[in-house]
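Novice: just a sequence and a predicted model for now, questions to come.
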Amino acid sequence: MKVLIIGGVAGGATAAARLRRLNEEAEIIIIERTGFISYANCGLPYYVGGIIQDKAALTLQTPESFWQRFRIDVRVHQEATAIDPDQKTVTIHRLTDDTIYTESYDKLILSPGAYAVKPSYPGVDLPQVFTLRTVEDTYRLRAYVAEQKPRSAVIIGGGFIGLETAENLIHAGLSVTLLQRSAQIMPPYDPDMASFMTYYLATMGLNILFHQTVEGLEQTPAGIRILRKDDTPLETDLVLLAIGVAPDTHLAKAAGLALGQKDAIQVNEQMQTSNPDIYAVGDAVEVTHFVTKKPTLISLAGPANKQGRIATDAICGLPSRFTGSQGSSVIQLFAMTAAATGINEKTAKAQGIPYEATVTYSANHATYYPGASNMTIKTLFDPETGRVLGAQIVGFEGVDKRIDVIATAIRAGMTSADLAELDLAYAPPYSSAKDPVNMAGFVMENIRAGLVKQHQWYEVAALAKDPTAVLLDVRQDEEYAENHIPGAIHIPLDCLREHLVDLPKDKTIYVNCYSGLRSYLACRILSQHGFSCSNLAGGFRFYAFQTSQASQTPRYPCGVRI
């Protein structure tokens, strides 16, 4: 059996190595247009900033090591230019000597990945303008920073690559501005969760400008001028384009393979395309979202590696299936960590999925153990069944651990009750007896059981004008004096019982505290005394961030406040 693989990064390299482990006799050839295979896409920004010092660390394998260990023929600097499915051949351009040849196959695996999107406005090909997708891109950007010593940079796009590169350019000593066309960074997150990242990044020196439409780039004697719609131009020394990626599927399209969203390659659960002898994996394929069960594009290394393994299993007759991706991801921004899995509110609303969202504020470990810091955890669940639909977490220590637990729960079809019952490891340096994941489960179960109702931060403004509503703040005197929701009356929790006569029973009491815990206790008191009550999800701290009423004193990575 002869297997030809186009693309030698995550999916392609994984497929090749797995195939050799399953079939010692197969002839395996990898065609890779760059000079590197099996490289760490996700590590590229960290080489730019000098966190990763050794460039060799970016490449997990070389053509020589692949041959020595697996007897796999890896051909770098060679580009597949056409596929003939009828003849089962691929036309290949050898870039080093500009020659053309054809290679036959019994089975073909496409792993072409995605390409960095370049906008159509003028100036994108100027020498001071960069993208960051390949190892060559990374070497070029780092060399420019080291040799030309730019003092400033503008990054266009606030996704993973844009933010990670922004951090690393700041580490390298540059003044960095980030231009974002929409009203938030990090599209996988809801705007209210992304706001925590925006605030923190500003404290670390990143200048983020929203609602920015770039119309062109111009060369100047001093560097680059960025032309903005309805705004003054910006002057900078270098520009990074990080506005997203698109599936690289021109070969598949020309070969007549079925395509889906944004021309991504359609595949079945065994990663088989519309041609039974051609498989496709990685960023170029359309996948099924594990939660919504609808087609989507998810460009992440984890799914690509799994898909490469599954395609090879299918070729070798093993019954592996790819059951979908849920988009689990994590990003480090200086000391902050943000992570997400499953769906967010934007997706749930767009697809008409019933959901309710809770916001909890939990310490990463026991608060009496030194060094505790808080995480904001937003969890989506089906209010009828309790099925966990998604989560977003922003904080410092312990975020990655909790998102992985919730990602596993989603994959297992678990409910909020299951989260409450999870038996998780506990010791004071690592967690609390009630782990943050358990706490999220408790809150969801309280809502589902009818023990408490909740309202969201964006409903507060309307409630303040509602004559049937009473806003009640149950924090301590000094907290209320520092800042509070306009129109909220103040009764500290510990003396609430003595002031029940001061509250009307013919109105709904909308309660808040700092994080949501004390106000939940207040709601339980009020409910059992005949009051209609609702708790502010996420508390005053969450509301304040979303309405720009946060204290000017950053609470990162501060001690715990309940």
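Specialist: Cool, the structure landed.
Novice: what helix or strand is S515 on?
Specialist: S515 is part of no helix or strand, with elements assigned from DSSP states H and E.
Novice: hmm, D400 and T337 touching each other?
Specialist: Yes - counting by C-beta atoms under 8 Å, D400 is a contact partner of T337 at 6.2 Å. C-beta coordinates here come from the backbone N, C-alpha and C atoms, glycine included.
Novice: what about those two, which has more around it?
Specialist: More neighbours surround T337 than the other of T337 and D400, with 19 against 14 (other C-beta atoms under 10 Å).
Novice: for N438, see how far away the more buried one is.
Specialist: 20 Å (C-beta to C-beta, to the nearest Å).
Novice: quick one: contacts for I83?
Specialist: Going by C-beta atoms under 8 Å, 6 or more residues apart in numbering, I83 touches 89-91, 108, 251-252, 254-255, 278.
Novice: at 7 Å what do you get?
Specialist: By C-beta atoms under 7 Å, 6 or more residues apart in numbering, the contact list for I83 reads 90, 251, 255.
Novice: give me the common contacts of T337 and D400.
Specialist: V330.
Novice: tell me where the stretch 351-500 of the chain has strands.
Specialist: In the stretch 351-500 of the chain, the strands defined using DSSP state E, counting those that start in this stretch lie at 356-363, 374-381, 388-395, 454-455, 469-473, 489-490.
Novice: can you give the strand pairings for the last one, parallel or anti for each?
Specialist: Pointing back at strand 489-490 there. strand 469-473 (parallel) (DSSP bridges).
Novice: ok, residues contacting stretch 153-161?
Specialist: 45, 132, 162, 165-166, 169, 174, 176-180, 185-187, 214, 226, 234, 236-244, 331.
Novice: what's the offset of that stretch from the middle of its chain?
Specialist: Distance of stretch 153-161 from the chain centroid (C-alpha atoms, centre = their mean, to the nearest Å) equals 14 Å.
Novice: how long is it end to end?
Specialist: Stretch 153-161 has an end-to-end distance of 14 Å (criterion: C-alpha to C-alpha, to the nearest Å).
Novice: what pLDDT, on average, does that stretch get?
Specialist: Taken as a whole, stretch 153-161 has a mean pLDDT of 96.
Novice: just name the shakiest helix or strand of the protein by mean pLDDT.
Specialist: Least confident element among the helices and strands of the chain, by mean pLDDT, DSSP states H and E: strand 59-61 (a mean of 75).
Novice: so which elements touch it?
Specialist: With contacts taken as 3 or more C-beta pairs under 7 Å, 6 or more residues apart in numbering; DSSP states H and E, strand 59-61 sits against strand 37-39.
Novice: strand partners (parallel or antiparallel) of the least confident helix or strand of the chain?
Specialist: Assessed with DSSP bridges, strand 59-61 is paired to strand 37-39 (antiparallel).
Novice: who touches the strand it pairs with?
Specialist: Residues outside strand 37-39 that contact it (C-beta under 7 Å, 6+ apart): 8-9, 13, 30, 58-61, 63, 66, 74, 76, 135.
Novice: how about V3, secondary structure?
Specialist: Judged by DSSP: H, G, I helix; E, B strand; the rest coil, the three-state class of V3 is strand.
Novice: and it, bridged to which residues?
Specialist: V3 forms beta bridges with I28, K107, as assigned by DSSP bridges.
Novice: for it, what are its contacts?
Specialist: Counting by C-beta under 7 Å, 6+ apart, V3 touches 19, 26, 28, 105-107, 109, 315.
Novice: narrow these to just the buried residues.
Specialist: Using 16 or more other C-beta atoms under 10 Å as the burial test, the contacts of V3 include 19, 26, 28, 105, 107, 109, 315 as buried.
Novice: as JSON lines, these with distance to D263 and pLDDT would be great.
Specialist: Shown next, in JSON lines, are these (distance: C-beta to C-beta, whole Å; pLDDT from 0 to 100):
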{"residue": "L19", "distance to D263": "27", "pLDDT": "97"}
{"residue": "A26", "distance to D263": "30", "pLDDT": "97"}
{"residue": "I28", "distance to D263": "28", "pLDDT": "98"}
{"residue": "Y105", "distance to D263": "23", "pLDDT": "98"}
{"residue": "K107", "distance to D263": "23", "pLDDT": "98"}
{"residue": "I109", "distance to D263": "19", "pLDDT": "98"}
{"residue": "I315", "distance to D263": "25", "pLDDT": "97"}
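Novice: of those residues, which belong to strands?
Specialist: Of those, the ones assigned to strands by DSSP state E are 28, 107, 109.
Novice: run through the strands of the stretch 101-250 of the chain in chain order.
Specialist: 107-110, 114-116, 129-130, 152-156, 175-179, 207-209, 214-220, 223-228, 234-236, 238-241, 245-247.
Novice: find the one among those strands with the highest mean neighbour count.
Specialist: Mean neighbour count (mean count of other C-beta atoms under 10 Å) peaks for strand 107-110 among the strands of the stretch 101-250 of the chain, with a mean of 27.
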